[in-house]
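Student: No letters, just coordinates:
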């Protein structure tokens, strides 16, 4: 690849980073056609007929005229979203499409759509009248705190949730730290306090729940006047649940502070079809921000799912999904409290996705992997993504038959993991990506030699190996001599089926940056071993480029692109 083309890749990567750090969504970037690269078809999700929603119900929790006894008219609105949802769902069962238009405010309630037979395809729309100004919160404001000693206060605690059970299939495979199985959350002046598991472990800006004594203890920072502080305690989950729905829309809303237990979602959409979620925010929830399971024709556009206790977005068994301009950053704080960062959580984790297009996605600063395609994902295209500074791998592709195409993306500065790690996945293509400065390796092949994967649609099983990978025109660069460019076991299926060409490889000092089993190889040895990379080059210049190092610092603002609570 010519130096000019290499610099173009760097410039594109920096533009992606600048766009995102300023809270702007990057425009789609196309790449030249390459007939040698398998390319899954772009998903065309069916459009939801919102224009057929002939009824509008209004909600205004701050209006003196609002009442749940009202008809939901503009001048006589409902007070709660849940009452409007009930009325809208009754309309839907009669085939009447309904929009619930919600005026600004904090709504401390749950919205649970009932599961009934005879559901119609009439659209059901929940929309903020002013985008980002409708907050569905799982917390309540608590007052009446009593001083215990120093800056420690207490409050009566009426709940006995205990620890969440192990999710199915986890027990015996992993040991979950107790704090990961808890669900309590306390916010002091909008800041999450860390959870202690014993009174003696309290420190400034932390809390402890004694279920035995039915008491919540809070230790504030020195000098803070607790009597004047806003203290919110999470008491509800899920915040929104919909099952067996068709033509469902969520738009412009925030879903925050849901005390969801382990592996459950603050917002949960299950067994549904034709679902659109746009311009929503899922933040500061105890476990998963948005959980979507068993959904076909799913569209997620310009949402943020940041600062959640586990994953930002978790998907399972999707058929035809289109994701564009979403962000899942700074997630898995609860896992980080217990050192649980590798087994399950990711900024975005998707399993069993058949036919998906994921465009302009950002996963930044997660205390876990940034992005995880976990088992039986096929016909998936990812482009224009930014996966940077996550605690583990930037991207993990595990147990997939493919094809999976990742192109025009930046995978940089991920800690304690690789840029992209592939385990038992076939048909993975990496095209025109910048993969730079990742601590363990830039590209890693891991897992076991053989693994059985079951197609959830057909029930057919397949033995999947790391094979038929394509690497084309990627700029792969290490920022430190200890970082290999490629790390793989000495597996013949990967070596013999690798289609790799036109990749500039950059490593400080050159040397032997290709690690195959116990051996460290030069580029010439790697070319001989794989029969590929005939026109690729290895240099040591770009790893010292100041522009590239800008990708690793300074860090963009944590709140970029996220609506603030009012």
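Tutor: Cool, the structure landed. Quick caveat, the model's predicted, so the values are computed rather than measured. Numbering: from 1, shown residues only.
Student: Tell me, please, the helix or strand in the chain that averages the lowest pLDDT.
Tutor: Between all helices and strands in the chain, the lowest mean by mean pLDDT, DSSP states H and E belongs to helix 3-21, at a mean of 54.
Student: Following it in sequence, what is the next regular element?
Tutor: Reading on from helix 3-21 to the C-terminus, the next helix or strand found by DSSP states H and E is strand 55-59.
Student: Please work out which residues outside that following strand touch it.
Tutor: Contacts of strand 55-59 from elsewhere in the structure, counted by C-beta atoms under 8 Å, 6 or more residues apart in numbering, are 66, 72-74, 77-81, 83-84, 87-88, 91, 96-103, 107. The way it works is simple: take the backbone N, C-alpha and C, and place the C-beta from them, glycine included.
Student: Helices along the chain, start to end?
Tutor: 3-21, 81-93, 333-337, 492-497, 523-530, 546-549 (DSSP state H).
Student: Distance across stretch 350-367, terminal residue to terminal residue?
Tutor: 17 Å (C-alpha to C-alpha, to the nearest Å).
Student: and it, what's its mean pLDDT?
Tutor: Confidence for stretch 350-367, expressed as mean pLDDT, is 97.
Student: same question, stretch 453-468
Tutor: Stretch 453-468 comes out at a mean pLDDT of 95.
Student: Tell me who's in contact with the residue of the chain most remote from its centre.
Tutor: Centroid-distance maximum for the chain: residue 149 at 40.6 Å, with C-alpha atoms, centre = their mean. Neighbour list for residue 149: empty [criterion: C-beta under 8 Å, 6+ apart].
Student: So what pairs up with it in the strands?
Tutor: Assessed by DSSP bridges, residue 149 has beta-bridge partners residue 152.
Student: if I look at it, how far off is residue 196?
Tutor: Noted for residue 149: a distance of 15 Å to residue 196, by C-beta to C-beta, to the nearest Å.
Student: How about residue 241?
Tutor: 31 Å.
Student: how close does the residue nearest to residue 108 when sequence neighbours are not counted get to residue 150?
Tutor: Excluding its sequence neighbours, the residue lying closest to residue 108 (C-beta to C-beta, 6 or more residues apart in numbering) is residue 137, at 5.1 Å. To residue 150, residue 137 is 30 Å away according to C-beta to C-beta.
Student: same question, residue 502
Tutor: Distance from residue 502 to residue 150, by C-beta to C-beta: 65 Å.
Student: So for the two, which sits in the more crowded spot?
Tutor: Legend: neighbour count by other C-beta atoms under 10 Å for residue 502 and residue 150, higher for residue 502 (18 against 9).
Student: Just give the nearest non-adjacent residue to that one, would you?
Tutor: Leaving aside its sequence neighbours, residue 502 sits nearest to residue 473 (C-beta to C-beta, 6+ apart; 4.6 Å).
Student: State the number of residues packed around the one you found.
Tutor: By other C-beta under 10 Å, the residues close to residue 473 number 22.
Student: from what I can see it touches residue 536, true?
Tutor: No. Between residue 473 and residue 536 there is no contact under C-beta atoms under 8 Å: 9.8 Å.
Student: Give the full set of residues in contact with the most centrally placed residue in the chain.
Tutor: The centroid of the chain falls nearest to residue 348 when counting by C-alpha atoms, centre = their mean (2.7 Å). Going by C-beta under 8 Å, 6+ apart, residue 348 touches 305, 311-315, 326, 328, 361, 363, 370-372.
Student: Including distance to residue 379 and neighbour count, could the residues you listed go into CSV?
Tutor: Listed next are the contacts of residue 348 as CSV, based on distance: C-beta to C-beta, whole Å; neighbours: other C-beta atoms under 10 Å:
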residue, distance to residue 379, neighbour count
305, 24, 31
311, 23, 30
312, 23, 32
313, 19, 31
314, 20, 29
315, 15, 27
326, 20, 27
328, 22, 29
361, 17, 24
363, 21, 33
370, 22, 33
371, 17, 29
372, 18, 26
